[in-house]
Structure formats: C-alpha cells, structure tokens
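In: Got a sequence here, can you build the structure:
(chains A and B)
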Amino acid sequence: MSTQQPGTINTATHTNSADVDIPAVVAVVVAKDPGVWFEDMLYSLAEQDYENLSVLVVDAGSENPVAERIAVALPEAYIHRIAGDPGWSVAANQALELVSGSPFLMFCHDDVVLERSCVSTMMAELYKSNAAVVGPKMVEWDDPRRILQVGVSSDRFGVVVEQVDRGEFDQQQYDSPRDIFCVPGGVQLVRADLLSAIGGFDEGISFIGEDLDLCWRAHAVGARVRIVPKAKAKHIESADQKVTSGFRRRLQTRHRLRSVIANTSGLSRFSTIPMAVVLIVLEGLYALFNGRRKHAREVLSAIPWNIARWGSARQRSKQLKRIRKLSDAEVRRKQLGGSAQLSQFWREKFEAGQSRVDSVLTSASSRTDSASAFHSLIVFGVVMVILILASRSILTSSYNVFGQIPAMGNSLGLIREWLGGWRSAGTGGEANAPLAYLFLGTLRSFFFFAPGLFDRLLLFGPLLIGYWGSSRIARPYGSPRIGSIVGALYVLNPVVFSIMRAGRWDSLIIWCSLPFMLTSLLKLMNVEPFAERQDAEDNFFAPRTLPVRIVRFGFLVTAVATFAPSAVVVAVFMALALMAVSVSNVRAFRGLFGAAVSAVIVPAVLLLPWSFDVISNFSWSWLTGSKSSEAAELSALDILVFRSTDFAAAGDVFALNVSTQTLAVAGAVLPVFAFASALLSKAKPSHAMFSGFALFVLTSLGLWIESQDLLPYDLPATESLMAMSAVGLLLVIASAAGDFELSFGRSVSRTRYIVPAITAVGLLLVFSGGVTMASSGRWAMPETPRRSTAEALFASRIVDESEVETTGRILWLGEPSVIPVDTYPTPGGIEFAISNAQVDVRNKWVPGPVGGGSGVARHLDLAYEGGTSSLGSLIASYGIDYVVVSEQIARNYKTNPVDRRLEAALERQLDLQLDKSGNDDFTIYRNIASGGVASALANFTDAESTTALDQLEVDLASNPVASREVSGRPGRWQIEVPEDQAVYVALSENNFSVGGVRSEASVGFDGMMVLEPGPEGTVELDYGFSFLRTLSLLAQFLLISTAIVVAQTRKGAER
Amino acid sequence: MRKLFPVVMLAALVGAWLYVDTALEANEDLTVIQPLPNAAMSGPSALDQAWFCPTGSRSVGGVADHTVKISNLSAETASTAAVTVLTEAGRGSSSDLEVPPGETISIKASDIDPVTDEDSSELAGLTVQIVGGRSVVSHSVESSAGGCLLSDLVFRNWACQGRFARVHNVDEPLSGRCQR
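Out: Residues are numbered from 1 along each chain as shown, chains lettered A, B, ... in the order given. Predicted coordinates for the structure are as follows:
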C-alpha cells in the first residue's frame, strides 16, 4: 500500500530530472466500480514513455474501493475518493482543486488502455499545433485493428456525428492530425488553464455529453481542438454495458439541449434553442406514432429537465460570454450544417425505401413455383400488348387532350402559379393553386426533351399503375398467376373503355388508385391474409400501429385527391362499405371509422392552403365531380356488367371492328368469376371475401338508387364507383383463387381440371373485350377536341390595321362534363366557368370563383331571371369577349342539352351576338359590348362607376387597348395605354404593382382596376409575391414531410 | 353447404334485384313533361328590360305608322328608354328617351329612322331597352284610316341574330309560356 493519499499534487516535484524541461502532465482517471480491465489501464499509464506523467485516480464512489487495486498496479498514483456518486463531471473537476503546477491534464475513463507512446505523441502535436484539447484515435478493445472513433463532430443542436464507420479496419487511413469539433471523452488531454477558464466540465452533466460541452466551450474561447490519430488508445466502452439504451438516450437528449442553452449566445440562441426543442418534440412525436411511448418519454423529458435547470445553464452561458472570443456564427462554421439528426433520419428512410423497392421487385418471382410465374408472365404480356395497341395512336401520333385530361401549358408557369398565389383561372386573381400544379410542372420539366411524351404518360401511366395495384391485391396469396389474372380483369374491364373514351382523367386516377386504397384498408383492418407479420421482410406486411395505418390511408387519399378531389368521397364511401361487414370486429370497425375520418381530415390538412379555398367555396357537386358526358341511364344489368356508357354508340361512330357486345360479355366475366370462385372455394368465406362482396353490393346498390333518382345528393362519377365495385370482386376472386391454389395440389376431384379451363375461357372473353377496345387505337377518343376550337376563337379573329389586338376571356356555360375547364355553380345553380384564350390545366382544380367570378355569377343569375337584356355589357367589365355554350364534349358524342331557359335568356341579350363565323362545335355568342381585358374610358366619370346600373352606361367596346399576359409569368401583364385617358383593366386591383408609364391605379367596378390618366406607353402590372402564401407553403411542406415520416414508420422500429 | 349459404343468398339477392329493376323499367312512364320556361315580366329588381315590337311602316304618314308607347310605372324615378329601329338592312338608328315618373311617352319609327333613298325598306320593327325602373311598353300601327293597338303582341322573348330579329313565340302573349 504505497499509493499516495489525497493532498495537493505538486507536479513540480515530479520533474524527472533537472536538465530536462518536460512539461508535467497529470492523468486524471475517474473510476467508478471499474471492471477487470482497470489494471490494464493503470499498467498502460505506468508504461508511458512520457517522462513527466503523474496519475490521479478519482474514485467516484465505487462500492468496492479501488485503492488496493491501484496499490498493486500503479503504486505511485494519487488517489482521491469521493463519497456517493456525484457524476463524472464533478469527479473530473476535482482535478482543478487537487492539482497545481501542472499545465496539462489528461482526463481518462477507467476503461481505456493507452499505447505506450500515446501521451508523448499527443503532447508533441499539442505543442506543434498550439492546440488546447487533443485526443487519440480510439480502437476496439478486443481487436485494435478496428477503429472506434477518430474524433467526432456535431451540429448546432449538439447532435454528435461520428467521423468514421465504427469497426472500420485501421489502415492508417486517418492518421493525419487534424482539427476536429470534439475529442471523445475516453481520453482528453486539456490545457489546465483553459479548463479552469471555461469553468471545467459542466457539473450539470453527470456523464454522456460532457466531452462535447467542454470542446464547444473551448472553441468559443478560440482554442484549437485536434485529434492525433497516431496516438492510439483501446476503449472497452463499458458505460454501454452499465446503462440501458433508453437511459443513455435520455441523458444524451437532456445534455445536448443543455449544451445548446449554455453555449449559444447572442441572437442565434433565439433560433437555435427553439429549433433544438422542436427537433426533440418531432423525435418524441415520431416515437409516439411508432408506438414507442417509452422512447417518446425519454426524449421529451429533456425539455422539463432543462427548464428546471435553466438558471445554472444560463449562468454557464454568461460565464462563457465574458471570455468568448468567437461569435456563435464562427463556432457554427466548425460544426456540421443543418440538422445531423434529420440528415441521418432521411438517409435511413432512403435506405429503407431502397429495400422496399427491392422487395417489390423480387417478391413476385422468388416465393412461388415456376409455373405460376410463367402463367403470370403470359397474362401480363397479353395485357400489355392490348394496352399498347389500344393506345397506339395516342402514343405515336399527334394527340389532342380533351375532357378532363389536363392540357399542359408552360411547366415553369405552372410552378410559378403554385408558388406565387395568383391564379390565371376565371378572371384571374388571388387564390391558392393546388399542389398538382407543382407536381405536374416539376415532372414535366424533367421531360424538357419531349414534353409530349409526358402528356401521353399522363394517360398511359395510370393504366400501368392500375394493373400493378390490382395484381397487388392478390399478393398476400403468394401467387403471381392470381395477381396477373385479377390485373387483367381490372385493366380490361369495360369501365376503362368508358373512362378513356370520354376523357375522364379524374376517374382514371381514381380507378388506378382504388386497388391501393382497398389493400390499405384491408391492412388497417388487420384481416387475414393482409394482417401484419412480425419480422416480415416484405414491406407489404410490415407491422404498424393503428394510428400510423390511418395516417397512411389518409396520405394515400391525399395523393389521389391532389389530382382527383372526388377521391375523398370515394375513399369515405369505401371505408363505410367495409364497416358494414366489420361490425363484429371491433378493431377493424374502429380502424375503418378512423380511415373514413382520415380520408377527409388528412387531405384537408396536407393540401392547405388550396383546401382552404375548397372548404370556403364548398360545393358538393364540385367535390364529387361531374358525371361523364356519355353517361347512360343505368339498369341493374348495366351496373352488373360495368356498362356505364352506350358501347353501341361508340361502335357505330368509331367503326370498331369487333362487335361491342364483346365488351358487355367481358364485363360480365368479373361478377361471374367472383360468384363462381366463391361457390367453388372449399374454405369458409373469409372476412376478406365478405369485404369484397360488400363493396360490390353496396356500390352497385348506390349506383342503382341514384339512377332511380332516389338520392338527394349526387354520388361521384359512375365509372369511379363501378371501379370500386370491380376491386371488390377482384378481392373475392383473389381470396377464393388463393384458397383453390392451396388445395389444388391435394385435390383429386374434377374441380381440379374444370377451374383452370373455366379461367382460360373467361380470360379469352376478357381479352376479346380488350381487342374491341384496342381496335380504334385511341380508345375511340375524338381526333379533334373542342378545346382547340375554343382557343381558335381568338386566334382566328381578324384584326384590321386600325384595330388593336386585345386579350379577352371566354364564359363557358353548359353541363360540367362537356366543358373543358372546371365549372362551379352560380347562387341560382347555373354551371359556368371563365377561362382565358388558352384553355389549359390552369383552369382545372378551381374550387370556386376566382377574381371577378362571383360578379359574373350574379349577372348570369340576373339574366336568367329576366332581369337584364344587357348581359354583354355587364360581363364586359370582366373582360369576357365570348359566351360559349357547350352541349357535346366532341363531335358525334352524346348531346347534353343546356337548360332551355338559359338559352332563351342568352338570346334575349341585346349585346350578345350569335357568332356564326366559326363552326358548329359550340353555340358561340360574341360580346359586342366588350373591349377585352383593357379599355380606355371615354369619360373620367366612368372610372367612378360602382353599381351595375352605372356600368351599363360605360362604353368599354369603343376604345379597346392592347394587352397581353406575359407567357409563363402568372399575374404579369403589359398594357399599352393611350395618352391622358384612364384605362379600365379587368383584373382585380389587389396586390398589384403598377410600373412603366403609369404608377397609380384605383379601384373600379366590382374591385377591378382603373389606371389613372397619364402619358402614353406600356404599363407593367405585376402581382406581388404574397408573404402569407410563402408562409403557408412552408407550413404545407412541413406538414407533408411530417406525414411522410409518420406514414413510413414501423411498429417498434428503432432508429 | 352451410359455408355456401352466404354466397348463394347473395346470388339470389342479385337475381331479385335484376328482376325488380326490369319490372320498374317496364312501368316507367316514358313521357317526361318538363316544365316550360316562363316568360313573365321581370320584377322590380330588374336592372334593365328590352322589348321587341314587330312590325309597322316607318315612312312619314305610312300605311301602318309604327309607334311605341312607353309608360314609366315608377312614381319617383325617371327611366331611360333606348328605342332602336330594325329594318331589313339590320339595326337602324337609335334614340334615347327619358320617361318621367308616372308618365307615358310615344314615338314613331319614322321619327327615329325614316325611310331614305339609301335604305328604302318600309317595314320596321322596334326594340325598346329601358334601364332602371318598372315600365310597360306597348306599340301600335296607325294610318289615316285609324289606329290599332298591338299591346298583346309585345315580346320580351326575342333575339337579334345578325341582320334578323327573331321572335320565339309569335302566337303567345307576353304573359304566356314560351314553347320551342
């Protein structure tokens, strides 16, 4: 027992020889019940080749005092014992009081072993580089060839990031000394004066995180922190064995937040501290959604813990402030940018996504017999050939969009419209653009080399997705053969023909998404074989909590509703239909109820701020969408065989070579297959099978009741509901066929031979229906859509030299299904829309009047009621040059007559002239009272007109003014103004900046703009970027990101 | 057999549904009578109103001098009437008249747009557009032999398409229903 007991260590006495001036280093070893490795640690200190090294062991309340072990291994070491367990930092800080005269202190854990030259190498580097804190390369205890740490870095929120992959082989690849943000706590060689100046280790941090805090403060006072990889130390990391991962997480989170509070200064603390708290809250919420409540508690407890210790943290902050040399921004430059936690999280998610894609690509063929895979390949091939043949003209020749198909314009303009808050629809005005603009604009930008290809994919892509989704319904049954058969039954169903022929793009989107919605709901119901499977490699069966599943369903509905808003109604209908057969299954019932709510709430939240416009202009008819222009009156048989339109009409007009009756027969295959397979199935009908039948029965019943005019409200489009009925039957077939395939090998009955034969015949019928669809090569679509006719109205206008070329708008009237833009009803119920000369996607997804749309609606109602014969003058105020009444979506299509009273009202108008110069595609009235978007006012008092009666007296037709909307720049206009005349501009005077030869504008009739008189020249009107809009888009981005994160989480998954 | 029961029941229900649907179709009355639009005079909230008055002569002292009478029913506000002559050549001249409250004024087609050498068409219709107030318009043809009041042949339900004025319903009086 020759160890030296407490007292002040005077290192001056330990200078080895008078002639060698080697600076003293005191190794401070904080020991707390060290393991068997402790002697090795002491021996390694004893064997150091550094000649002026003393050792102080601080026994931090070990249950078995370590003095005897030290006496044996390193008798010259000093020992200082502290009662109780004050924590590592308090124990380490004892050195500041106990050691005097030594300029350097080396803090060591009790579970490291230093290489013989470790201290000398570090000291050499410390002097060479004038560093204040240095540390060695840490290697594994059992295999020193593997690296543990070569310093660590951190972001501004105190999240530590390793610099190397743990376990990497040491090939001296990191052996250059370099600056680092933090030297890990296993071994830290620190200048004693610096340690004293910055207040030592933070005693509020018991252990874990004290090393980062120390280095952070060292940086703040301008000290250099370096890693010296040529110095090596083995580390057993015994603390990991002593504490649980949960306790470690709890301490990590607490201490990193404390370091942020104590070490940030100035204005940046007002951003950094709240952001650090937000990140902790996000982590907690994420854990909660994962069903890891303990994890959530552990991280969220960091907030109250730090609030309780706010005073001591701020005190350290003030102490640092007095000696700080570097500003917070300068320190931050040494840290990692952004959030290391988020970066790591997204990296993990990306890797998870990759493995998910791998599982999708490999699952079909890896788990099944080769015959099944071969059959599926044959069916898939035939389906693809039919689809390509059916779309050959669309894919190869000139293609004109029509109906609901988005007519794409300028991609950049679309993105700008989404960003800026100006909508070109209606008369143009402040409104929120849908997220679909961002998606379409961005995706189309990638097709800059062939934008037409993107437009074609908008039509062809959903067909492929529909096949994939429907074959996925059979995935839990493990048979690619069944998957391909149900895929074929779905894609070659006559309802697809009805959708394509009438340009029902919204219905196409819903059609292709319905199989995904169904599988999502079945997984949410947790019914076999869709139930979650523990430790499933296949992401399809990944275990997730019920709230996550509900959010996932809502997220799916959101994605679809972005392009087809009626998906919300369809999804709710589907969830309610499945609830009908889940009354006895409480979990499923509860989940489906949640899904129905989620289908409304999640899109409403994630599609903000556009959804705000939808809600504030709420119209049930807009939400459910228009019916197909070709919709026929439905009989029960029509509903059963998926005949939503008159196939014969299409056959007559478009010269389909094969009898259209084959379509009806192909449609009948699906219900016949479903009933036959259910009858032949040997197993008891499963919950999944009942669910499929419920969808079929309730949807068909709903359609029939609606066809009998017994419903007070419209249902979504017939094709969308028929598609839902079809996926229900697909589920029945998949369920029964899955059972049949299972028992197929064991069966000795004739069924074994009959069923494949019947299946083959059924498939042949379906394929023959497909051939009928394919015969026209363009799904019997029209070759010349009417949209282009409307656009030609302005293009064909003959302008004399004496006339100015003006820009005007079109007022559309008629059934919503035959108008190529989104309509909305006037208070009196007249469906109308306003577009400019380019009838494109910017007029789609318009939930309500934009700009002066409400005014136009009022005037329309007035004319309809016989209250005016000057509708032209009234709507001229909104720049409307033409009134177009549409009754057909294209030539030879079904006529959807407009209300005769509306037609009579239009004919009564003195200033609407029937335009016979164009063509007979539409009934077109030219507004002889209109001067287009901009007109010079003859009298100064005209600018003061505020009532409709006043406005009747204003002559806008006599002095039209040239105007144009700058291409691809929504909300930017150029107006050529005459000298000394006020100019009426049919744009809502709101948030516009006026530039060029005029600088002032006042409010005219119904909020429109009047440019004050001034010099002649060009006036630039530019809609200002709305700050509120930017904020709301940022919020939307955060919400969607959060939803993606939540939707991806697995039950109990750690990260 | 018990396991097949639900499926068989469902098939039976679908069969019954098809039968009911067919029976309903057979009983359906194919003639659907849509209510006809009403061409009654608009109420006091009307912004402006227009009448088409066919047809008389427009030469001074012609065989059937076409005259319109406009009565302002309002006791407080004057109304403005724009009377336009329509001839075979299209829209002719127009005259704006102020009708004092509670009064009736009359004007002849020949006063607004008499027959000239360039435009010799004798027959003329008249449109009367009145902005503000409630008014009644009647028209008559007069000659040296006497006059004829044509108040029941004044229409609001009309259209001016290019050169021609078109009356929807010549046989029906103002208060009747418009049929096409």
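In: A:Ser44 and A:Leu114 touch, don't they?
Out: Yes: in this structure, A:Ser44 is within contact of A:Leu114 by C-beta atoms under 8 Å, at 4.6 Å. For the C-beta atoms, the positions are set from N, CA and C on the backbone; glycine is no exception.
In: ok, and the closest non-adjacent residue to A:Ala197?
Out: A:Ile323 (5.9 Å; C-beta to C-beta, 6 or more residues apart in numbering or on different chains).
In: hey, where'd the helices end up in chain B?
Out: Applying DSSP state H to chain B gives helices spanning B:5-27, B:109-112.
In: Let me know which of these is tucked in deepest.
Out: helix B:109-112 (a mean of 22; mean count of other C-beta atoms under 10 Å in any protein chain shown).
In: now for it, which elements pack on it?
Out: Here helix B:109-112 touches strand B:48-57, strand B:65-72, strand B:79-87, strand B:90-99, going by 3 or more C-beta pairs under 8 Å, 6 or more residues apart in numbering or on different chains; DSSP states H and E.
In: what's the neighbour count on A:Ala371?
Out: 10 (other C-beta atoms under 10 Å in any protein chain shown).
In: For it, give its distance to A:Gly478.
Out: 13 Å (C-beta to C-beta, to the nearest Å).
In: any idea which element A:Val382 lies in?
Out: helix A:370-390 (DSSP states H and E).
In: give me the low-pLDDT residue ranges for chain B?
Out: B:1-4, B:24-45, B:119, B:133, B:146-180 (pLDDT under 70).
In: again but with chain A, I slipped
Out: A:1-20, A:289-291, A:352-369, A:398-399, A:535-537, A:648-660, A:743-752, A:784-805, A:916-921, A:1052-1055.
In: Got phi/psi on A:Val152?
Out: When read as degrees, to the nearest 10, the backbone of A:Val152 gives phi -130, psi 160.
In: Repeat that for A:Glu865.
Out: According to degrees, to the nearest 10, A:Glu865 has phi -80, psi 0.
In: just the helices in the stretch 301-450 of chain A please.
Out: A:302-308, A:310-323, A:328-334, A:340-366, A:370-390, A:392-396, A:411-420, A:435-446 (DSSP state H, counting those that start in this stretch).
In: I'd like those helices laid out as CSV, including distance to B:Thr77.
Out: Converted to CSV, the helices of the stretch 301-450 of chain A look like this (distance: least, C-beta to C-beta, whole Å):
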stretch, distance to B:Thr77
helix A:302-308, 71
helix A:310-323, 74
helix A:328-334, 73
helix A:340-366, 70
helix A:370-390, 66
helix A:392-396, 62
helix A:411-420, 46
helix A:435-446, 49
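In: ranking the ones you listed by burial, who's on top?
Out: Mean neighbours per residue, mean count of other C-beta under 10 Å, is largest over those for helix A:411-420, with a mean of 21.
In: That one packs against which elements?
Out: Partner elements for helix A:411-420 (3+ C-beta pairs under 8 Å, 6+ apart): helix A:435-446, helix A:1027-1048.
In: My read is that A:Val379 contacts A:Leu763, right?
Out: Yes: the criterion here is C-beta under 8 Å, and A:Val379 meets it with A:Leu763 at 7.0 Å.
In: hang on, the earlier thing: helices and strands around the helix holding A:Val382, which ones?
Out: So helix A:370-390, by 3+ C-beta pairs under 8 Å, 6+ apart, packs with helix A:340-366, helix A:451-472, helix A:480-491, helix A:751-774.
In: hmm, try it at 7 Å
Out: Contacts defined by 3 or more C-beta pairs under 7 Å, 6 or more residues apart in numbering or on different chains; DSSP states H and E place helix A:370-390 against helix A:480-491, helix A:751-774.
In: what's the most buried one of those?
Out: Per stretch, and counting mean count of other C-beta under 10 Å, the top mean among the helices and strands packed on helix A:370-390 goes to helix A:480-491, which has a mean of 27.
In: what packs against that one?
Out: With 3+ C-beta pairs under 7 Å, 6+ apart as the test, helix A:480-491 has helix A:370-390, helix A:451-472, helix A:661-680, helix A:718-744, helix A:751-774 packed against it.
In: So what angle separates the directions of the shortest one and helix A:718-744?
Out: Following axes from the mean of the first three to the mean of the last three C-alpha atoms, to 10 degrees, one obtains 40 degrees for the angle between helix A:661-680 and helix A:718-744.
In: and the helix or strand following helix A:661-680 with helix B:5-27, angle?
Out: Next helix or strand after helix A:661-680 toward the C-terminus (DSSP H and E): helix A:687-707. Here the directions of helix A:687-707 and helix B:5-27 differ by 10 degrees (the same axes, to 10 degrees).
In: which parts of helix A:687-707 are buried?
Out: A:687-704, A:706-707 (16 or more other C-beta atoms under 10 Å in any protein chain shown).
In: Could you do stretch A:943-959 as well?
Out: So stretch A:943-959, judged by 16+ other C-beta under 10 Å, has buried residues A:Ala943, A:Ser945, A:Ala948, A:Gln951, A:Leu952, A:Val954, A:Asp955, A:Leu956, A:Ala957, A:Asn959.
In: same question, stretch A:898-915
Out: A:898-899, A:901-915.
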